[in-house]
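[1] any chance you could fold what I've pasted below:
(chains A and B)
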Amino acid sequence: MELFRLEHKKLWRKNTTRICVLLCFVYCVVLGSVLVYQWGVFGSRKDNLGGRNFDGYVNIRNCQAYFSKYGELTDETLQAWVRDYQRLHAALKKEKETQGAENKETLQTYQNAGWETVNSMISTLYPELEQEEMHYVMIMSCYVDPDKLTGLYGRREKALNTFLDVSGQTGGERAYLLQINEKVQEPFSWKWVEGWSDVLGSMLADLGTVMALFLAIVLSSLFAGEWHDNTSALILTTKNGWRKLALAKVFTGLSFALELFGLLAAGMIVSQLVFLGTEGWDMPIQTIKMIAIAPMNMLQAEIYEYAFTLLGAVGFAGVVMLLSACCKNHVLAFLLSLAVAYGPKTVKDFVPYWLEKAFDLLPLVGSGTDIFRTNTFRLFGHYIWSPYLLIWVPVLIGILCMPHAVRGWARRMRV
Amino acid sequence: MELSIDRLTKHYGRKIAVDCVSTILRPGMYGLLGENGAGKTTLMRMLCAILEPTSGEVFLDGSEVSAMGATYRDLLGYLPQDFGYYPNYSAREFLLYMAVLKGIPRDLANKRVKELLEVVDLGNVGAKKLRTFSGGMKQRVGIAQALLNHPQILILDEPTAGLDPKERVRFRNLISDYAKDRIVILSTHIVSDIEAIADEVMLMKKGKLVSQGTVPELTKRAEGKVWELAVSPTEAARWQEKVTVANLRHEGEQVILRILSDGRPAEEAVCCEATLEDLYLQSFRE
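    You can find the predicted model right below:
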């Protein structure tokens, strides 16, 4: 315990560690969360060029207030939303034509109505309504006939089946996926989706990728740094200098991964609670992506994505420590660690599908957003929905690496 | 206590760093002498069980040291030639860290660290960061860490490098006291350090242990081979080319040469008492 305490203290005393943690916090929490809420994504639009005001907090409240009237996603509420959206769109157009500029209040309400997620919903479920000759061809909610938006949940089933057909997911795999989908409860609770969509689809999805860089910087020198500091001869001639120190180092690396994650997660959750609050936590993730099959609400999805990142970070920490224990050069250990995390990500698109899926099982290579997808693995004749494996395999890889790191360190030391 | 070295050999590829060294060490101070690359550091690292020998074994009281593991390391104190440290640590923190690695309980470690900082004359700078220390101060921290666990076997590789004369004397006295009931092995290029304190001297050459014995025993081998000759300054240069000159000093108009030679180099040469340095130079003169 004393050794662990001292190793932990030693790691945190390094300037590299402190700078890395600070940069990681600034990048993920300040830039990637607080500023995104207040300005980058959720600030109200200044103009059509994408400029935003620094008013995210108020804008989010307005958006949430606008959607609070719908309650549930049904044919009627979807049609009501489209009608309202088209009314606002037409009003803005008219104001621009007659007055030369848009009325601020109309523009504000129009912005609050959002369009991205609902538009995606309409284009997925009613593809035949798309009119290629329309000016706003991609923004179907501007021109579709609201009365034609009927049979929403039946359409969803059809869209899901079509998607599975196109993806070649047939037979047992299709039955397995549809069996998961059966647990999705209808009708969907429907509130403002954009906030959750950004949290689950972007902020949390990128957290692991960023953490990988900083974990690699800090932990690659955990073992290999002793060679750089030239302390190995001293350490190895001490009573606890072999396995016990290696164990203390492994626990230190593990604890650092948890602490870094805890710090980032705490910062991001606090800013999420401040800006988004808890409204909409019980909406199913299908309101973000209609053909998702996971019977999860937003809160469950968020917990999954945090758990995915945490377990991935622990797994990655194990891999980095193994590399650090096996390399005498901490720069080489760092480069190899980066290669483990970012190499597969870079080449994923150019390798056979089975290899791409195998890469996803490496720590912090796959994505927590797989809960929105219908990917499966086939093991011993059984289909397994990918998120089940993606969450556990990386951490198991890391745990397997840890005893090897201890052994590798002991072996490397006896030269 | 008996540390027995049995045909210890280390090869690095085709290079033989230590060549079949065998000896038995009992409590006392052993000085390891040899030129650069003679294999002193390699031998010491193998004695510390951090370097695996190509062949041969080291036994402590009949037990093979690498098999003894932590039990052996608990008896060991080691100061490597170029020891590393953590620049952001103070001397006190570094020693406390090493104490924990050596398995010393925290309370005892605090006491021992305080005591050793005084012993190596760093008591007043114990809180300063190691990166601010001079080479000699760092060396003293290294000596202190080697002594933390009251080792029964103390192995010091060039411990006096970087120490000023006052500190060297202080260190010699400290180690001299320490070696009474322990095995202390010390390597250095400073022959006078070994001459002053070593009970036995081990002379290494090209990986082999060429001589071992007490200082009088070894210097006896050089008896009758050390001469003093007074010459003019112009002749001094000629003599230096001709024979091994161990020392040269000016006395008035003359230069006194200390010559190592198996026979009398000149009629006027006077035979004088041999020192360890003479033996060392004689051994390595080719």
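[2] please count neighbours and contacts with C-alpha atoms only from this point.
    Fine.
[3] let's verify the residue nearest to residue A:189 when sequence neighbours are not counted: helix, strand, or coil?
    Leaving out its chain neighbours, the residue that sits closest to residue A:189 by CA to CA, 6 or more residues apart in numbering or on different chains is residue A:72, at 4.4 Å. With DSSP: H, G, I helix; E, B strand; the rest coil as the basis, residue A:72 sits in strand.
[4] the residue in the stretch 51-200 of chain B positioned nearest to chain A: what secondary structure?
    Going by CA to the nearest CA, chain A is nearest to residue B:84 of the stretch 51-200 of chain B, at 4.3 Å. With three-state DSSP as the basis, residue B:84 sits in coil.
[5] residue ranges in chain A under the pLDDT threshold?
    Counting by pLDDT under 70, the ranges of chain A that qualify are A:47-50, A:135-138, A:412-415.
[6] tell me the residues of it that contact chain B?
    Residues of chain A lying near chain B by CA under 8 Å from any CA of the partner chain: A:2-3, A:6, A:13-14, A:229-241, A:245, A:413-415.
[7] can you give me the distance of the closest residue to residue A:186 other than its chain neighbours to residue B:228?
    Once flanking residues are discounted, residue A:186 sits nearest to residue A:153: 7.8 Å by CA to CA, 6+ apart. Distance, residue A:153 to residue B:228, by CA to CA, to the nearest Å: 112 Å.
[8] show me the strands in the stretch 51-200 of chain B, by range?
    B:55-60, B:63-64, B:76-79, B:153-157, B:183-187, B:200-205 (DSSP state E, counting those that start in this stretch).
[9] highest mean neighbour count out of these?
    Most buried of the strands of the stretch 51-200 of chain B by mean neighbour count (mean count of other CA atoms under 10 Å in any protein chain shown) is strand B:76-79; its value is a mean of 27.
[10] and residue B:259, which of the three is it?
    Applying three-state DSSP: residue B:259 is strand.
[11] leaving out the residues flanking it, which one is nearest to it?
    Using CA to CA, 6+ apart and skipping residues adjacent in sequence, the residue nearest residue B:259 is residue B:245, 4.6 Å away.
[12] still on that earlier bit, so for residue B:11, which of the strands of the stretch 51-200 of chain B sits nearest?
    Closest of the strands of the stretch 51-200 of chain B to residue B:11 is strand B:55-60, at 8.9 Å (criterion: CA to CA).
[13] if you look at that closest one, does any of it touch chain A?
    No: using CA under 8 Å from any CA, strand B:55-60 stays clear of chain A, coming no nearer than 13.8 Å.
[14] which elements pack onto that strand?
    Here strand B:55-60 is seen to pack against strand B:3-12 when contacts are counted using 3 or more CA pairs under 8 Å, 6 or more residues apart in numbering or on different chains; DSSP states H and E.
[15] check which helices and strands the strand it packs on sits against.
    Against strand B:3-12 (3+ CA pairs under 8 Å, 6+ apart) you get strand B:15-25, strand B:55-60.
[16] quick one: residue B:26 from residue B:67, how far?
    Distance from residue B:26 to residue B:67, by CA to CA: 20 Å.
[17] residues of chain B that sit close to chain A?
    Near chain A, the residues belonging to chain B are B:48-52, B:70-74, B:76-80, B:82-86, B:88, B:97-98, B:100-103 when assessed by CA under 8 Å from any CA.
[18] how about a cut-off of 7 Å?
    Those residues of chain B that sit near chain A, judged by CA under 7 Å from any CA of the partner chain, are B:48, B:50-52, B:70, B:73-74, B:76, B:78, B:80, B:83-86, B:97, B:100-103.
[19] can you give me the helices for the stretch 101-250 of chain A?
    Here the stretch 101-250 of chain A has its helices, by DSSP state H, counting those that start in this stretch, at A:104-113, A:116-125, A:152-166, A:171-181, A:194-198, A:204-219, A:221-228, A:232-236, A:243-275.
[20] got JSON lines for the ones you listed, with mean neighbour count too?
    Listed next are the helices of the stretch 101-250 of chain A as JSON lines, based on neighbours: other CA atoms under 10 Å in any protein chain shown:
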{"stretch": "helix A:104-113", "mean neighbour count": "17"}
{"stretch": "helix A:116-125", "mean neighbour count": "19"}
{"stretch": "helix A:152-166", "mean neighbour count": "16"}
{"stretch": "helix A:171-181", "mean neighbour count": "16"}
{"stretch": "helix A:194-198", "mean neighbour count": "20"}
{"stretch": "helix A:204-219", "mean neighbour count": "23"}
{"stretch": "helix A:221-228", "mean neighbour count": "23"}
{"stretch": "helix A:232-236", "mean neighbour count": "23"}
{"stretch": "helix A:243-275", "mean neighbour count": "20"}
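[21] skipping adjacent residues, who's closest to residue B:73 in space?
    Excluding its sequence neighbours, the residue lying closest to residue B:73 (CA to CA, 6+ apart) is residue A:239, at 5.0 Å.
[22] let me know the outermost residue of chain A.
    Relative to the C-alpha centroid of chain A, counting by CA atoms, centre = their mean, residue A:237 is the outermost residue, at 45.9 Å.
[23] enumerate every residue touching the closest residue in space to that one that isn't next to it in sequence.
    Of all residues not flanking residue A:237 in the chain, residue B:73 sits nearest, at 5.6 Å (CA to CA, 6+ apart). Neighbour list for residue B:73: A:237-239 [criterion: CA atoms under 7 Å, 6 or more residues apart in numbering or on different chains].
[24] just residue B:38 next, same as before
    With contact set as CA under 7 Å, 6+ apart, residue B:38 has these partners: B:204-207.
[25] look up how far residue B:30 lies from the residue sitting nearest the centre point of chain A.
    The centroid of chain A falls nearest to residue A:205 when counting by CA atoms, centre = their mean (1.7 Å). Noted for residue A:205: a distance of 64 Å to residue B:30, by CA to CA.
[26] please parse chain A into its domains.
    Chain A breaks down into these domains under automatic domain parsing: A:2-40+A:191-413, A:56-190.
[27] winner for burial among those?
    Neighbour counts (mean count of other CA under 10 Å) averaged over each of these peak at domain A:2-40+A:191-413, with a mean of 21.
[28] neighbouring contacts of stretch A:87-104?
    Contacts made with stretch A:87-104 from outside it, assessed by CA under 7 Å, 6+ apart, are listed as A:106-107, A:110.
[29] switch to 10 Å and redo it
    Residues outside stretch A:87-104 that contact it (CA atoms under 10 Å, 6 or more residues apart in numbering or on different chains): A:81-86, A:106-111, A:113, A:141-143.
[30] so who does the closest residue to chain B within the stretch 251-400 of chain A touch?
    In the stretch 251-400 of chain A, the residue that lies nearest chain B is residue A:328 (14.7 Å; CA to the nearest CA). Contact analysis of residue A:328 by CA under 10 Å, 6+ apart lists A:221, A:223-228, A:409, A:412-413.
[31] for the residue of the stretch 51-200 of chain A found nearest chain B, give its distance to residue B:76.
    Nearest residue of the stretch 51-200 of chain A to chain B: residue A:199, at 39.8 Å (CA to the nearest CA). For residue A:199, the distance to residue B:76 (CA to CA) stands at 57 Å.
[32] just residue B:168 next, same as before
    Distance from residue B:168 to residue B:76, counting by CA to CA: 22 Å.
[33] quick one: contacts of stretch B:277-286?
    Applying CA under 10 Å, 6+ apart, the contact partners of stretch B:277-286 are B:33-35, B:190-192, B:194-195, B:203-205, B:210-211, B:215, B:218-223, B:225-226, B:243-247, B:258-262, B:276.
[34] in the stretch 151-286 of chain B, which spans are helices?
    All helices of the stretch 151-286 of chain B, identified by DSSP H, counting those that start in this stretch, fall at B:165-178, B:191-197, B:215-221, B:233-242, B:276-283.
[35] for the last one, which positions count as buried?
    Taking 16 or more other CA atoms under 10 Å in any protein chain shown as the basis for neighbour counts, the residues of helix B:276-283 that come out buried are B:276-280, B:282-283.
[36] could you check the angle strand B:200-205 makes with it?
    Angle between the axes of helix B:276-283 and strand B:200-205 is 20 degrees (criterion: axes from the mean of the first three to the mean of the last three CA atoms, to 10 degrees).
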